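Provide a 3D model corresponding to the input given below.
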Amino acid sequence: MPKAKARAKEKKPKKGAPVRHPDAQDHKTAERVMETVLKEQSVEASVERLDQWVTLECPHCGEGAELHVIAEMDGQSIDQDCTVCCRAFVAHIEIDEGEAHVGVEAA
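Numbering: from 1, shown residues only. Modelled structure (predicted):
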């Protein structure tokens, strides 16, 4: 004789208690996540980003060149070749109070 499967008893809501939809918790969690994302975006939007072109001079031939500097480049050194004399030079980038300072030396 086959055994009967036991069924879980469904809880009945108490009288006067609000009925919760099964997706209510997921909806609440999604709202919290969206609030967090919106707060992070507003903070990012209020922070000024450095994004400028800096004119450089080749230490070998004196020819002018431009370097695109963004905030994340602070403290970096960039190796480049001059577009005229093809000799290598190094650009050292420092950012202070939202302004880029670039020093150039022969490599």
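
hey, let's count contacts and neighbours off CA atoms from now on
Will do.

buried set for the host helix or strand of residue 26?
Assigned by DSSP states H and E, residue 26 falls within helix 24-46. Buried residues in helix 24-46, counted by 16 or more other C-alpha atoms under 10 Å: none are found.

Quick check: neighbours of the very next helix or strand once past that helix in the sheet, parallel or antiparallel?
Next helix or strand after helix 24-46 toward the C-terminus (DSSP H and E): strand 51-57. Pairing partners of strand 51-57, with direction, according to DSSP bridges: strand 64-70 (antiparallel).

Just the C-alphas of the strand it pairs with, formatted as CSV.
Written as CSV, here are the backbone C-alpha positions of strand 64-70 (Å, rounded to 0.1, in the frame of the first residue of the first chain):
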residue,chain,number,x,y,z
GLY,A,64,55.0,70.5,-28.4
ALA,A,65,52.7,67.6,-27.5
GLU,A,66,49.5,67.1,-25.6
LEU,A,67,48.7,64.6,-22.9
HIS,A,68,45.1,63.8,-21.7
VAL,A,69,45.1,63.8,-17.9
ILE,A,70,42.3,62.4,-15.7
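
Helix or strand next in line after that strand, which one?
Of the helices and strands lying after strand 64-70 in sequence (DSSP H and E), the nearest is strand 77-81.

Convert that next one to CSV, retaining C-alpha atoms only.
This file holds the C-alpha atoms of strand 77-81, laid out as CSV (Å, rounded to 0.1, in the frame of the first residue of the first chain):
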residue,chain,number,x,y,z
SER,A,77,54.6,58.3,-14.8
ILE,A,78,53.8,57.8,-18.5
ASP,A,79,56.4,56.8,-21.1
GLN,A,80,55.9,58.4,-24.5
ASP,A,81,57.7,58.9,-27.7
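
Output the contacting helices and strands for it.
Here strand 77-81 touches strand 88-96, going by 3 or more C-alpha pairs under 8 Å, 6 or more residues apart in numbering; DSSP states H and E.

other SSEs contacting the following helix or strand past the strand it packs on?
Downstream of strand 88-96, the next assigned helix or strand under DSSP H and E is strand 99-106. Judged by 3+ C-alpha pairs under 8 Å, 6+ apart, the packing partners of strand 99-106 are strand 51-57, strand 88-96.
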